[in-house]
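> Predicted model and sequence follow; I will ask about them next.
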Amino acid sequence: MPHVITQSCCNDGSCVFACPVNCIHPTPDEPGFATAEMLHIDPVACVDCGACVSACPVGAIAPDNRLDVKQLPFVEINASFYPERPADVKLPPTSKLAPVLPAAEVRVRRQPLTVAIVGSGPAAMYAADELLTQHGVRVNVFEKLPTPYGLVRAGVAPDHQNTKRVTRLFERVSRHRHFRFYLNVEIGKHLSHADLLAHHHAVLYAVGAPDDRRLDIDGMGLPGTATATELVAWINGHPDFADLPVDLSHERVVIVGNGNVALDVARVLTADPNDLARTDIADGALEVLRGSAVREVVIVARRGPAHSAFTLPELIGLVSTRDVVLDADDRQLVQRDLAGVSDGLTRAKLEILSKLGDAAGPGPRIRLAYRLTPERVVGQQRATGVEFSLTGTAERRGLEAGLVLTSIGYRGKPIRDLPFDEAAAVVPNEGGRVVPGTYVAGWIKRGPTGFIGTNKSCSLQTVQALVADFNAGKLADPVGKPAALARLVRARQPDAVDSAGWRAIDAVEIARGAALGRPRNKFTDVADMLAAAASAPGTSLPRRLRDLLASAGHRRLDLLHADLTHRLPH
Ligand code: NAP
């Protein structure tokens, strides 16, 4: 049985390298890799060994006889990437294995290479993974929240639990004996770039793109308007967004922009709350969704169907689980685009769109609307709808809505002491190098596009630049010893959370979830996270000691405590 890559493919390429017959493409060195919406298994060349299944970090691969109905379209999608041919005809060059990307090789052993990584999302963890393949390298990961893994925790939709399985890989990385978490520590607030450089050979920023692109039209900012990314953070229990005022007492929500984030939000807003209750969705969001009056979510694009920003796997996931509809005008646009389309991927999307029905019945449903440019949000005290122009004309169309969300992309924000390209909202870099000693990876390096796994090759490129600089003697040895760093962090942020603290938070969340039949029940309040972290076996004694010392107000003893903390296993 040939294997099939299904929805939630993360693109990280692990399956490509695991495959003994090179039947998964595009590989990271092939031209289409950076833009591919997913990877594809060649059904003719697949030898059914299952090596890719174990290598896939998100559980997206299965034999074709084990797919559920929703996954069946992926049989055709995998196969259509390859030319049609008889079963015994292999494609050249299937005899050649996928070229393994060269690991960055540390050749100088004067002092162990020590790297600070800022951020703990996929780009950060893939970079740590790559660095730690080298003997003796030490990695300290700094994260401003008490919980790691960035958008995997706070961005991936709760109904995509498989995608979150990539955290198992990250957990393995974080258990390396030369890996250390400094969570709840903000660079730029508790420690500066110079502090990090004093204690490491290099600093690698993998801080993502934490802001939203803002839609500059009248009425945005009224109550009843928000960005889809804020809503995603609220749904996922990000502590900064747990109290976002989300009013779902109206029948219609309009989302401007039709990328995968818009689809994520529309799916959650039209989900059965009882299904969501089996996920790790934040309690507060679930409660609001249980009381929701929303019957229709309209996802509005300014261009036509052929330019839909969502990807094919996500569209298939949407139409197989939701009532997705089109109006008559938009159906015509789909037919027009279908007549002129040349590439297979767009054709596949348009064919799915061409089979969608009309809006009928009470909903909940998702309506896809095209060629509408947002002109202004309508409403006095709060949003009551959006006025659009028919793209390229002066003709106006109105859509009533109680909630207006913009979903027009993420945006990177400047990092103190680093250059910033305002237009592209990235830190200017060459292959990840800002200057020798300072590096970037992920969305702050290349902009907010791609999937979780796209960061693997992105981070590898950055690590190669960093290691080349180290080998060339361009990186100054750190002046501070590891113990001095631990002391500095404790002095500046007494509530720093280490690996043991994170594991305690993780264990409590999972236990709370298990009691409710859920994968985890998230803390959404930093104080609660810190209380759970304080229960960690390795930290309870020094924490009690620290509190005692703090109450005695003795500074030198406090330094002793920092030393003790550093020596304890984590
Ligand atoms: P995106 O894919 O870049 O989509 C942005 C959307 O906003 C497009 O429809 C764009 O239309 C529209 N837009 C931009 N400026 C606009 C304006 N001024 N007025 C009206 N519309 C405007 O962004 P995203 O959805 O935030 O996704 C970010 C990245 O994360 C993507 O690479 C996505 O695939 C990835 N992601 C993946 C998943 C998944 O795999 N499940 C989930 C979430 C996100 P135009 O095309 O006309 O500019």
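The structure has been received and is ready for your questions.
> Which stretches in the stretch 101-250 of the chain count as strands?
Ranges of strands within the stretch 101-250 of the chain are 114-118, 138-143, 179-183, 202-205, 211-212, 225-227, based on DSSP state E, counting those that start in this stretch.
> what residues does the first one touch?
Residues from elsewhere that reach strand 114-118 (C-beta atoms under 8 Å, 6 or more residues apart in numbering): 124, 127-128, 131, 137-142, 187, 196, 199-207, 466, 478, 482. Bear in mind the C-beta positions are built from the backbone N, C-alpha and C, glycine included.
> try it again with 7 Å
124, 127-128, 131, 138-142, 187, 196, 200-207, 466, 478 (C-beta atoms under 7 Å, 6 or more residues apart in numbering).
> Strand 138-143 and that strand, what's the angle between them?
20 degrees (axes from the mean of the first three to the mean of the last three C-alpha atoms, to 10 degrees).
> Which positions in this structure make contact with the ligand?
Contact residues, the chain versus the ligand (C-beta under 6 Å from any ligand atom): 215, 256-262, 264, 301-303, 307, 309, 311, 314, 374, 407-410, 448-451.
> Produce a ChimeraX select command limited to the buried residues of the residues you listed.
Burial among those is assessed by 16 or more other C-beta atoms under 10 Å; the matching ChimeraX selection reads:
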select :215,256,257,258,259,260,261,262,264,301,302,303,309,311,314,374,407,408,409,410,448,450,451
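> Give the other helices and strands that the helix or strand harbouring residue 531 contacts.
Assigned by DSSP states H and E, residue 531 belongs to helix 526-533. Secondary-structure packing of helix 526-533 (3 or more C-beta pairs under 7 Å, 6 or more residues apart in numbering; DSSP states H and E): helix 499-514.
> Where do the helices of the stretch 1-150 of the chain begin and end?
Ranges of helices in the stretch 1-150 of the chain, per DSSP state H, counting those that start in this stretch, are 14-18, 51-55, 73-80, 122-132, 150-154.
> now do the stretch 151-300 of the chain
161-164, 166-174, 193-199, 228-235, 260-269, 273-276, 283-290.
> Run the chain-centre distance for the fifth one.
Helix 260-269 has its C-alpha centroid displaced from the chain centroid by 14 Å (C-alpha atoms, centre = their mean, to the nearest Å).
> Which elements pack onto that helix?
helix 228-235, strand 252-256, strand 296-300, helix 312-319.
> okay if I get these as JSON lines plus mean pLDDT?
Below are the helices and strands packed on helix 260-269 laid out as JSON lines (pLDDT from 0 to 100):
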{"stretch": "helix 228-235", "mean pLDDT": "97"}
{"stretch": "strand 252-256", "mean pLDDT": "98"}
{"stretch": "strand 296-300", "mean pLDDT": "98"}
{"stretch": "helix 312-319", "mean pLDDT": "93"}
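> Need these in a markdown table (columns: distance to residue 75).
What follows is the helices and strands packed on helix 260-269, written out as a markdown table (distance: least, C-beta to C-beta, whole Å):
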| stretch | distance to residue 75 |
| --- | --- |
| helix 228-235 | 31 |
| strand 252-256 | 31 |
| strand 296-300 | 27 |
| helix 312-319 | 12 |
